[in-house]
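Q: need a structure here:
(4 chains)
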2 protein chains.
Amino acid sequence: MDKFTFIDRPDNQRLQLMKKSYTELNSDIVRLFIDFQWTYRNMQKAYDDVLDKNGLSESRFIILMFLYHAPNQTMLPSVISEKLGATRATVSKLLKAMEIKGWVSKSSSTTDKRSLSIQLTENGNQVLEKFLPENFNIANVLFGSLTSEEMEQLFYLLKKIQDNTQKYTHKNGEIKDANKKD
Amino acid sequence: MDKFTFIDRPDNQRLQLMKKSYTELNSDIVRLFIDFQWTYRNMQKAYDDVLDKNGLSESRFIILMFLYHAPNQTMLPSVISEKLGATRATVSKLLKAMEIKGWVSKSSSTTDKRSLSIQLTENGNQVLEKFLPENFNIANVLFGSLTSEEMEQLFYLLKKIQDNTQKYTHKNGEIKDANKKD
DNA sequence: GCATTTTAATTAGCCGGCTAACTATTTTTG
DNA sequence: CAAAAATAGTTAGCCGGCTAATTAAAATGC
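A: Okay, here's the model as predicted:
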């Protein structure tokens, strides 16, 4: 849903025009918001293209990494879902496709008949080993021209945005929960 | 596709472990890359929730804005597709849903029988007018705690990342084009 | 002036997010 | 100990991105 690149972004003139009708509008903040989205999407598209060349999506890659690091290269779908931050329905579909590709294998749990064990196969491991150098390379390409100070500054600014997001989300969540309790 | 939130992010210990096998790995760059994605996704999810409350998605909102600013509030789907940076197939589906909601109306072009004219309706205008204050408010909430200097610095850093992305994309595009000419 | 190419818009299907509903199993409660 | 609630995983369908194929119309080339 976020793949479109929003080529025609509002210029300052258009924003000033709207400012007359909307006192909430702070043009610098709006331009920064749009710039943040635009830069992210272009960067993410470049990264997705590299993943795609390896038959991967980012979620598939992250799941392979979870399995790679797990004891016995094995994990439950419900745990993958929690760590990935996606629903079990989504993870179910992803694992189905990855099983078809031969990157993971499924087996029933001996202790809980509802559960499955997902294990990284040799095929899956090879896909990871082939992709990982490219993964780190693209990261170097996209961010490698930032100096150490600039990286520190970006970390700091991202944290401020994340803190703002979290405060807003929690405030909103509380309102939602209160409404539920009515 | 980018909505999952990637809750379990690799910590420094796990990265150092992998560094032994992958010389390309620069932990600061990888952590920054993942942090950028994570912050963006959380911020975008908060924004999407506000859109959703108004029956909107970001693409629908942007299309309404394009029509709002267009002469006679009218535009061709092919022009919308170019400005949005999405395919005509995607825009066709979006416009169909928006027509059903009564936000836009379609009429045949008098000059080109292949073309359609898309016009913003009074309904659509009202959806925009209701949403715009909330739109600017959420932007203020998410970015409003940055000082002017911090905003300038973020603009600058985003530009560096965008320049890196563009150099990489063009280099890759050239390679692709060369391959096509074989 | 006709054949070929390009363009405009649509539909089908894939992918990966979501919610809702389902079946089967385990856990909790009274 | 049985009923109720919660959990695990799956499927269906929606949404919005994509590509490919389709139909109809316009533009181009010879």
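Q: angle of the longest helix along chain A against helix B:148-181?
A: Ranked by residue count under DSSP state H, the longest helix found in chain A is helix A:148-181. With axes from the mean of the first three to the mean of the last three C-alpha atoms, to 10 degrees defining the directions, helix A:148-181 sits at 100 degrees from helix B:148-181.
Q: where does pLDDT dip in chain A?
A: Applying pLDDT under 70 to chain A flags residues A:1-2, A:172-182.
Q: before we move on, the earlier item: how about the longest helix of chain A and chain B, touching?
A: Yes. Helix A:148-181 lies within reach of chain B by C-beta under 8 Å from any C-beta of the partner chain, at A:148, A:150-151, A:153-155, A:157-166, A:168-169, A:172. (Glycine included, C-beta is placed from N, CA and C.)
Q: distance of the residue in chain A sticking out farthest from the centre from chain B?
A: Distance from the centre of chain A peaks at residue A:20, with 37.0 Å (C-alpha atoms, centre = their mean). Distance, residue A:20 to chain B, by C-beta to the nearest C-beta, to the nearest Å: 12 Å.
Q: return the set of buried residues in stretch A:111-119.
A: Going by neighbour count (16 or more other C-beta atoms under 10 Å in any protein chain shown), the buried part of stretch A:111-119 is A:116-119.
Q: no no, stretch A:144-162
A: So stretch A:144-162, judged by 16+ other C-beta under 10 Å, has buried residues A:146, A:150-151, A:153-154, A:157-158, A:160-162.
Q: return the alpha-carbon coordinates of that stretch using CSV.
A: Provided in CSV are the C-alpha atoms of stretch A:144-162 (Å, rounded to 0.1, in the frame of the first residue of the first chain):
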residue,chain,number,x,y,z
GLY,A,144,27.2,5.0,3.8
SER,A,145,27.8,8.7,2.9
LEU,A,146,26.5,9.9,6.2
THR,A,147,29.3,10.9,8.7
SER,A,148,29.3,9.5,12.2
GLU,A,149,28.0,12.8,13.5
GLU,A,150,25.2,12.8,10.9
MET,A,151,24.3,9.2,11.8
GLU,A,152,24.1,10.1,15.5
GLN,A,153,22.0,13.2,14.7
LEU,A,154,19.6,11.0,12.6
PHE,A,155,19.3,8.5,15.4
TYR,A,156,18.4,11.3,17.7
LEU,A,157,15.8,12.9,15.3
LEU,A,158,14.2,9.5,14.6
LYS,A,159,13.9,8.9,18.3
LYS,A,160,12.1,12.3,18.8
ILE,A,161,9.6,11.3,16.0
GLN,A,162,9.2,7.9,17.5
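Q: tell me how far that stretch lies from the chain's centre.
A: Relative to the chain's own centre, stretch A:144-162 is displaced by 18 Å; criterion: C-alpha atoms, centre = their mean, to the nearest Å.
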